[in-house]
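*Asks:* mind folding the following:
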Amino acid sequence: MFTTIVEELKTLLSAESLLKESKKLNDLIAQFNQLKNESGAEEDVNQLLANDLINELKSKIEAEKEALKKEAEAIKSQKEDLIKQLEALIENEQNIGKAFSDLKEIREQWTKLNEKAPLEQKDVDREFTKRLEDFYYNINIYKAIQEHDLKRNQQLKEAILLKLEKATSTPTSKELMTEIKKLRSEWESIGPVTKELQDEFWNKYRGFLDVIYSNFKDFKESEKEEQIENLKKKNQIIAYIKSIDVSAINSVKDWKSKGKKVLQKQEEWKAIGFVPKESKDQLWQDYRSVCDVFFSAKKEFFDAQKAVYKENKKLKNALCKKAEDLLESENLNELTKEFISIQEEWKTIGPVHQRDEQYLWHRFQTACNSFFKRKKDSKKQMDASKDAINIEKEKLITAIKDSNEESELIDILKKWWATNVDHTRKSNQLLKEFQKAIEPKLNGKTLQEFENEHLNEKIEVYKSFNDNGQMLLREKRLIQDKIEAVKKDIAQYENNLSFFGNAKGADALMKDVYDKMDALKEKVSFLNQQLQAINSAL
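*Replies:* I've put the predicted structure just below:
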């Protein structure tokens, strides 16, 4: 049953291309599935072998497909490279003969790739065809331009030949010599003419020049005098450049000024005519030597200046970064000193390159201005807040006049404590007025005694402040100072006891001192209780 299928599957394994045998394989798979269904649940060796062979053949087909895909991608990549070569040829090649030679080679490579291509690659082929059309279009335009140029060159050279012919019969003069030089320069700047006219035009050109220069024979002596004068002028230029003491130039401004003058002298050099032939080489060497000395020194200076600029740029960037980072802080009072310090430091740093100076200065100024504006706004806000606190304190002082109940006075006192969130210039004066207004209503108690009785309420008010416990710490320090002061008084009394001895009436005096010391110790104990309450709150 499965034996025949197994044999045929083994035969397919040795096929050169399984893709070409895919129909036969599909037929065998169909037969296998049919037999498998007919045979039921039982499996024999041939059935298992056939199943393995089918799986192996499927794997090989997939591998063959993947190989063909990679080959197609490689061919496509090579085709794309040829398209790029063709594009470069269209863009750059102006030699028609070479252009067609290169095109032939590209097309031959393209044809070989098409023979190997297993799949159609319409997009790439279409792109190549489009580039071929562009190539022939550009070549035709170039041919037309070339023909126009050749015709135009012929007209221009014919005009020069007419002028040269006329010059052969013109009396010799310096102006004529200048005109001939100009015509020669124009001739050399004009492109070629058609091949059949090249020899004819050249012979006429050289013939006219030979006649003209033979007429200049007598003019040479006067020209020699001019060349000697030119030599004198060029030596003066060399002497001027040589006289510049490069070691004494130490600023960018001076280098630019001197450099501008040297460039002017170089332009003068170019405008001066020929010098005697025997002086030409040495003169040029001297000129190049003094120019090299000057410009080498200039380059060395500016190279060193670049290093200075680079270091200054690094320092200024660091200050900009520092200023920008400081803006993140909330402690404006401490930041003021920092910003003034970095502004002073900025002044000590030298210049940077002109292209960086404006940017760095703008960046630095922006950070500094942002800080001082923020500080100014904060001060306005703080002043407004302090004014509001003073107004609230004044309202509480007024409210005391209409308040007699202890509960009302405690409520006013809590509100008064709440105004202690910030200290103003009027705080001490307003406290005196508050104390003067409230104490008559406290049944003989002082404001301090009244506050001591309600210390816990005071602590709760101060705990509500968003000041990281600073107000409670201030209260703690005040209590600690009171404790120290009372302890000093106790120590003083203890010291005084040693002087009483057995003096008459000493017992009564000592009893009074001991009473006072007991009172002070009770006060220390009470203050320690207050201190403990604040510590717990902290």
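*Asks:* lowest-pLDDT helix or strand in this structure?
*Replies:* helix 96-116 (a mean of 71; mean pLDDT, DSSP states H and E).
*Asks:* please report the distance of Ala508 from Lys516.
*Replies:* Per CB to CB, to the nearest Å, Ala508 is found 13 Å from Lys516. Any C-beta I mention is one placed from the backbone N, CA and C, and that applies to glycine too.
*Asks:* typo on my end, Ser14
*Replies:* For Ser14, the distance to Lys516 (CB to CB) stands at 125 Å.
*Asks:* the two: which is more packed in?
*Replies:* The neighbour count for Ser14 versus Lys516, taken as other CB atoms under 10 Å, is higher for Lys516 (13 against 6).
*Asks:* any stretches of the stretch 151-300 of the chain with poor pLDDT?
*Replies:* The stretch 151-300 of the chain contains residues with pLDDT under 70 at 217-223.
*Asks:* can you check the stretch 1-150 of the chain too?
*Replies:* Residue ranges of the stretch 1-150 of the chain with pLDDT under 70: 1, 39-43, 93-98, 114-123, 126, 128, 132-146, 148.
*Asks:* just the helices in the stretch 351-500 of the chain please.
*Replies:* For the stretch 351-500 of the chain, helices defined by DSSP state H, counting those that start in this stretch occupy the ranges 354-400, 406-418, 427-438, 447-453, 455-463, 470-497.
*Asks:* any chance of JSON lines for these, columns distance to Lys104?
*Replies:* Below are these laid out as JSON lines (distance: least, CB to CB, whole Å):
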{"stretch": "helix 354-400", "distance to Lys104": "52"}
{"stretch": "helix 406-418", "distance to Lys104": "98"}
{"stretch": "helix 427-438", "distance to Lys104": "100"}
{"stretch": "helix 447-453", "distance to Lys104": "109"}
{"stretch": "helix 455-463", "distance to Lys104": "95"}
{"stretch": "helix 470-497", "distance to Lys104": "91"}
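*Asks:* and those helices as TSV, adding mean neighbour count?
*Replies:* Below are those laid out as TSV (neighbours: other CB atoms under 10 Å):
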stretch	mean neighbour count
helix 354-400	14
helix 406-418	16
helix 427-438	15
helix 447-453	14
helix 455-463	17
helix 470-497	14
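*Asks:* which one of these lies nearest to Ile342?
*Replies:* helix 354-400 (8.0 Å; CB to CB).
*Asks:* so the closest one versus helix 406-418, what angle?
*Replies:* 160 degrees (axes from the mean of the first three to the mean of the last three CA atoms, to 10 degrees).
*Asks:* which one's the longest helix in the protein?
*Replies:* helix 277-326 (DSSP state H).
*Asks:* following it, which helix or strand shows up next?
*Replies:* Per DSSP states H and E, helix 277-326 leads on to helix 332-348 as the next helix or strand towards the C-terminus.
*Asks:* buried set for that next one?
*Replies:* Counting neighbours by 16 or more other CB atoms under 10 Å, one finds that the buried residues in helix 332-348 are 332, 335, 339, 342, 346.
*Asks:* quick check: closest non-adjacent residue to the third one.
*Replies:* Looking back up the chat, that one is Phe339. Phe371 (5.4 Å; CB to CB, 6 or more residues apart in numbering).
*Asks:* and that neighbour, what is it in contact with?
*Replies:* 323, 326-327, 335, 339 (CB atoms under 8 Å, 6 or more residues apart in numbering).
*Asks:* ok now do Val352, which residues does it touch?
*Replies:* Residues near Val352 by CB under 8 Å, 6+ apart: 309, 312-313, 316, 360.
*Asks:* I meant Thr4, not that one.
*Replies:* The contact partners of Thr4, by CB under 8 Å, 6+ apart, come to none.
*Asks:* one more pass at 10 Å, please.
*Replies:* 28, 31, 35, 46, 50 (CB atoms under 10 Å, 6 or more residues apart in numbering).
*Asks:* you'd agree the third one is up against Val6?
*Replies:* No - the pair Leu35 and Val6 fails to qualify as a contact (CB atoms under 10 Å) at a distance of 11.2 Å.
*Asks:* neighbour count winner among those two?
*Replies:* Comparing Leu35 with Val6 by other CB under 10 Å, the one with more neighbours is Val6, at 21 against 16.
*Asks:* do you know how far the more buried one is from Asp52?
*Replies:* 10 Å.
*Asks:* Lys476 against Gly469, yeah?
*Replies:* Yes - if you go by CB under 10 Å, Lys476 and Gly469 touch, sitting 9.2 Å apart.
*Asks:* okay, now Val290: neighbour count?
*Replies:* When neighbours are counted by other CB under 10 Å, Val290 registers 19.
*Asks:* what sits against it?
*Replies:* Counting by CB under 10 Å, 6+ apart, the residues that Val290 touches are 237-244, 262, 265.
*Asks:* out of those, which are buried?
*Replies:* 237-238, 241, 244, 262, 265.
*Asks:* which one of these is nearest Ile272?
*Replies:* Distances from Ile272 to those, taken by CB to CB, are shortest for Ile237, at 8.1 Å.
*Asks:* does the residue lying closest to the closest one once chain neighbours are set aside lie in a helix or a strand, and which?
*Replies:* Distance criterion CB to CB, 6+ apart; nearest residue to Ile237, sequence neighbours excluded, is Lys265 at 4.9 Å. Element membership for Lys265 (DSSP H and E) is helix 252-271.
*Asks:* chain center to that helix: distance?
*Replies:* The chain centroid and the centroid of helix 252-271 are separated by 36 Å, computed with CA atoms, centre = their mean, to the nearest Å.
*Asks:* hmm, who's touching it?
*Replies:* So helix 252-271 is in contact with 233-234, 236-238, 240-241, 244-246, 248-249, 251, 287, 290-291, 294-295, 297-298, 301-302, 305, 351, 354, going by CB under 10 Å, 6+ apart.
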